[in-house]
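A.B. asks: fold the following.
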Amino acid sequence: MDTLRTFTTGSGTEGKFHSLPALSDQGFPNLSRLPVSIRIVLESVLRNVDGRKVTEEDVRNLANYNAQNPGDYEIPFTVARIVLQDFTGVPLLVDIAAMRDAAVARGADASKIEPLVPVDLVVDHSVQVDFSGSQMALNRNMQIEFIRNRERYEFLKWGQQAFDTFAVVPPGIGIVHQVNLEYLAKGVLSKKSEISNLKSEIYYPDTLVGTDSHTTMINGLGVVGWGVGGIEAEAGMLGQPVTFLVPEVVGVYLHGQLAEGVTATDLTLRVTEILRKHGVVGKFVEFFGPGAEALSLPDRATIANMAPEYGATMGFFPVDAETINYLRGTGRSEELCTTVENYYKAQGLFGIPDKGDCDYKDLLELDLSTIVPCVSGPKRPQDRIDIPALGEKFNTLFTASTGDGGFGMSPDERDTTIAVNMPEPAGYAVGSLLENVNGRAATDKAEMTTNRPTPNIVLAKEAFDAIDTNLRHGSILIAAITSCTNTSNPSVMLAAGLLAKKANEKGLTIEPFVKTSLAPGSRVVTDYLDVTGLSKELDQLGFETVGYGCTTCIGNSGPLHPAIEGAIKEGDLVCASVLSGNRNFEARVHGSIKANFLMSPPLVVAYALAGRVDLDLTTEPLGNDTDGKPVFLKDLWPTQAEIKTQLEAALKPEVYSKLYGSVDTANPKWAEINGSTGDTYEWDEKSTYVQSPPFFETKVGGSEDILDARPLGIFGDSVTTDHISPAGAIKPTSPAGKYLLENGVEKASFNSYGARRGNDRVMTRGTFANVRIKNLLCPGIEGGYTQFFGASEVAAPDQEIATVAGAKPTFIYDASMAYQAEGTSLIIIGGEDYGMGSSRDWAAKGTRLLGVSAVITKSFERIHRSNLIGMGVLPLNFVDKTDYDIVKDLTDATFDIVGIAGELKPMQSATLVVKSGENSFKIPLKVRLDTPAEVDYYNAGGILPYVLDQILA
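C.D. replies: Numbers count the residues shown, from 1 in each chain. The predicted model follows:
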């Protein structure tokens, strides 16, 4: 196809590119009406035609895209780069290191295994809020982070020197998505190429996939990209296209203007509610219209960030003048900015479309003037609540059943109050828990109090035992300005600082039982809060910086005060967290906090001042001023004019250039880490952090019927990867905790599951071990338990569980090991939206290593279904979703999955044979291998063995 054309780059030279207008002239007249996101994917397909992985037929398919009826063909999308965060990136590097070992074992050179596209790993998920409410919190938390994670960081240092295309952004720089937005993204990339024996510099759009579902934040910059499992990312790193079924594209026409007092967060939560209700799972969402054009780039990024919460693959905003302004304002070179603008204009892709310019499957409209302040929760991001209704909503949910999203409490318990005596404020409590982390994290309480200027918690040393308080249902225990969703957005961060300033002026304080924290998305945030004088205002209320990374939103909220934990348990209290994050699934923020509400940063400060969520902030006071007069939210809320004044004073391109100009040397602690050298990694069998995984040792998958299988678990609707994947704290009585204790790791040094993702022996034991997961095989019980029907002896669980006839209650891990030893096949049965949540590869890896052959559900979340295939686990759906209700209570049944032997085809039929006692019946299933590539991956035992075979062939 003759599509190679030239344009003028920012340096004034001639650059070559594969022209979509030129392609349109070759028989595709409607190409200019395709959604912008589809056209960018099309450019990748066009540029990478090689006749094997990408063919001219693939180009024709997509160039003839029909918005109303896209079809069912697959798109081989070759991305320009890969972005990782350390929770998912470390196990990915572990897998690539193991792949090098496997290549060497088969007589190949280790260097054959090398990322073929640039890979950036940002270390941002390892910091935990062990200390808060102190000016020393940042340094203390970082000190403990490096103590806990030294083995992992040494491994990353090895990876930096072993692979030419692998780079690491050290801890303490920022959250991966904000670093991507402010620094890593280029808008347009280029590389040397040779076409028809002529060497050229080919320019192309910046595209990517990342191992965090919120990779979509970069869609706000006009960059096509989304979250994938680490397994898919590994394939992309090694030159495989990211293959997916052609998507429907939903257009969202934005118009109108946000009202005074309404934030980008309020808009984002409303968008999440609308799109989740409409149904956009697996679809592209493209925002356009005058309302989209008027949004600032950070506001666009805030909306794009939440794509996983509204279920879309992407939430895309096209490139326009605001995109170029943002690139220029964040310190990108003038040459790059001009190149991006000229390239997109040459492609006919520059500017936000208006109504009627592009064709979409569905068209939604949203008038921005209708948006009102809101929060979302207490268990799902899409459950939006207007501010005035939150108190009443909490009261309704208090007695509502858990099946209806409530807490299932008795009305008689509503007024329960538990007295608490705290020997120290909430933020200091962890000092006693962490005094002996490897003997290097001792705390000095006197030093901490004298260094903290907060009036409500600054205490004389002799008064340390004088904090008496009461907790009740609805009390807020964690108030966190955290997560990439909002900390990248200067308008809401400055609004939080302005609200804190006004609160301080009126003498308002925060109760000592509220654990307050601020985790900026990058060091740029600290700079503009310092410049505007708002850092000291947030500090005074207790929102001191605790670290630069993903903290409370990912579950790294740190421990609560032991006295508070005791009070929660004593009163079975439904307490709350308020956070400016994107995820609030059960047990994600903290295992002891049942109600979690997402909101804008200024609302986090406001609710922290109120100390409870069961109130109407529009009519009830947050507290009293120094004269005893009530202070209301309207008295503190900053105006848009005030925020605009601060914005104009705060943001300077030279700040970005300075702070990102020395990333490698910005953290002295990183420089102290010494990694090993060499092409292959020398594994330490004694390490409890990094181990060589067994994925290349035994083959799984393949086209064989599954017979006489037992369900390891039967689960209800909305079981998330946060339920499945090991995350958060490790209980000493759990299989993972027992393993660590048996290997000489003291409880104080357990760290988190996330930090130990490089060790399959820990992670397999933690799969399905979430304290809030409900296995229907153990009705009425929460946690990672099941019923074992085999002959072997298994470990007793750590709590009382009713025994099903003929079974033994035990941990899921112990049942799995016993079943596998007896040669019993295993399956999982799930409900609707199985696997929604973060794109966690260990939800699939752990399922595979637990011996599960197949997962049968009503429906899957996109990434988790793909990840299961990538690990050689077969995903299937009930053809009739009501059939799930027939099998969900059959705790003693065995199952055959037949019709999959022989040559598998995408989306083929299969049959579930259910055998319960003397009864036997059949249920139709659909095999969720959606593309020929997925069939190949499954037959090979997963993506990793498939890619290795391809490379060595």
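A.B. asks: show me where pLDDT drops low in the chain?
C.D. replies: Within the chain, the ranges that satisfy pLDDT under 70 run 195-198, 423-468, 838-839.
A.B. asks: so what secondary structure elements neighbour the longest helix seen in it?
C.D. replies: Secondary structure of the chain per DSSP state H: the longest helix is helix 86-105. Helices and strands touching helix 86-105, by 3 or more CB pairs under 8 Å, 6 or more residues apart in numbering; DSSP states H and E, are strand 119-122, helix 150-162, helix 230-237, helix 841-849, helix 943-952. Placement of C-beta: from N, CA and C, glycine included.
A.B. asks: which residues touch the second one?
C.D. replies: Applying CB atoms under 8 Å, 6 or more residues apart in numbering, the set of residues contacting helix 150-162 from outside is 86, 90, 93-94, 97, 121, 123, 126, 146, 166-168, 171, 670, 673-681, 687, 689-690, 755, 758.
A.B. asks: quick one: buried ones out of the residues you listed?
C.D. replies: 86, 90, 93-94, 97, 121, 123, 126, 146, 166-168, 171, 670, 673, 680-681, 687, 689-690, 755, 758 (16 or more other CB atoms under 10 Å).
A.B. asks: quick one on the thing from earlier: buried residues in the longest helix of the chain?
C.D. replies: 86-103.
A.B. asks: can you check stretch 785-803 too?
C.D. replies: Y785, T786, Q787, F788, F789, G790, V794, A795, P797, D798, I801.
A.B. asks: could you tell me whether the third one really is in a strand?
C.D. replies: Yes - the assignment for Q787 is a strand, going by DSSP: H, G, I helix; E, B strand; the rest coil.
A.B. asks: for it, which non-adjacent residue is closest in space?
C.D. replies: Distances taken as CB to CB, 6 or more residues apart in numbering put A807 closest to Q787, at 3.7 Å, once the chain neighbours are dropped.
A.B. asks: residues near that neighbour, how many?
C.D. replies: 18 (other CB atoms under 10 Å).
A.B. asks: that one reaches Y785, doesn't it?
C.D. replies: No - the criterion here is CB atoms under 8 Å, and A807 misses it with Y785 at 11.3 Å.
A.B. asks: re earlier: out of the contacts of helix 150-162, list just those in strands.
C.D. replies: L121, F166, A167, V168 (DSSP state E).
A.B. asks: ok, those residues vs A22, which is closest?
C.D. replies: Closest to A22 out of the ones in strands among the contacts of helix 150-162 is A167 (34.5 Å), distances taken as CB to CB.
A.B. asks: list the contacts for the closest one?
C.D. replies: With contacts defined as CB under 8 Å, 6+ apart, A167 is in contact with P118, V119, D120, L121, Q160.
A.B. asks: what about the third one, how many residues nearby?
C.D. replies: Around D120 there are 22 other residues, counting by other CB under 10 Å.
A.B. asks: from here on, count from 5
C.D. replies: Got it, the first residue is 5 from now on, which makes the last one we talked about D124.
A.B. asks: that one: what's it in contact with?
C.D. replies: R85, I86, V87, L88, A171, V172, V173, N184, L188.
A.B. asks: buried among these? Need that as a selection in PyMOL.
C.D. replies: The PyMOL command for the buried members of the contacts of D124 (criterion: 16+ other CB under 10 Å) is given here:
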select buried, resi 85+86+87+88+171+172+173+184+188
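A.B. asks: using TSV, please lay out the contacts of D124 together with distance to S722.
C.D. replies: Compiled in TSV, the contacts of D124 are given as follows (distance: CB to CB, whole Å):
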residue	distance to S722
R85	33
I86	30
V87	28
L88	27
A171	37
V172	35
V173	34
N184	29
L188	33
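A.B. asks: just give me the closest of the contacts of D124 to I375.
C.D. replies: N184 (26.7 Å).
A.B. asks: the closest one and V87 touch, don't they?
C.D. replies: Yes - counting by CB under 8 Å, N184 touches V87, with 5.6 Å between them.
A.B. asks: what touches both of these two?
C.D. replies: With CB under 8 Å, 6+ apart, N184 and V87 have common neighbours D124, V126, G214, T219.
A.B. asks: now those residues as a markdown table including distance to Q30?
C.D. replies: What follows is the shared contacts of N184 and V87, written out as a markdown table (distance: CB to CB, whole Å):
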| residue | distance to Q30 |
| --- | --- |
| D124 | 36 |
| V126 | 41 |
| G214 | 34 |
| T219 | 33 |
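A.B. asks: of those, closest to F517?
C.D. replies: Of all the shared contacts of N184 and V87, V126 has the smallest distance to F517: 33.5 Å, by CB to CB.
A.B. asks: that closest one pairs with what?
C.D. replies: Per DSSP bridges, the residues bridged to V126 are Q89, V173.
A.B. asks: what's around it, how many residues?
C.D. replies: Neighbours around V126, by other CB under 10 Å: 30.
A.B. asks: got a list of what I356 touches?
C.D. replies: Contacts of I356 (CB under 8 Å, 6+ apart): F292, G293, A296, E297, F321, P322, D324.
A.B. asks: sorry, that was for V424
C.D. replies: D472, T473, N474, L475, F517, A567, I568, G570, A571.
A.B. asks: I'd assumed it was in a strand, is it?
C.D. replies: Yes - judged by three-state DSSP, V424 forms part of a strand.
A.B. asks: quick one: it and E515, what's the gap?
C.D. replies: 11 Å (CB to CB, to the nearest Å).
A.B. asks: got the buried residues for stretch 815-835?
C.D. replies: So stretch 815-835, judged by 16+ other CB under 10 Å, has buried residues 815-823, 828-835.
A.B. asks: measure that stretch end to end?
C.D. replies: In terms of CA to CA, to the nearest Å, the two terminal residues of stretch 815-835 are separated by 21 Å.
A.B. asks: burial of K116, as a residue count?
C.D. replies: K116 - counted by other CB under 10 Å - has 15 other residues nearby.
A.B. asks: ok, it - contacts?
C.D. replies: K116 neighbours (CB under 8 Å, 6+ apart): A107, I955, L956.
A.B. asks: which residues are contacting stretch 779-786?
C.D. replies: 715, 717-720, 772, 775-778, 788-791, 803, 805-806, 808, 813, 816, 892-893, 895.
A.B. asks: and the closest residue to A905 other than its chain neighbours, what does it touch?
C.D. replies: Nearest residue to A905, sequence neighbours excluded (CB to CB, 6+ apart): D709, at 4.8 Å. The contact partners of D709, taken as CB under 8 Å, 6+ apart, are D900, I901, V902, G903, I904, A905.
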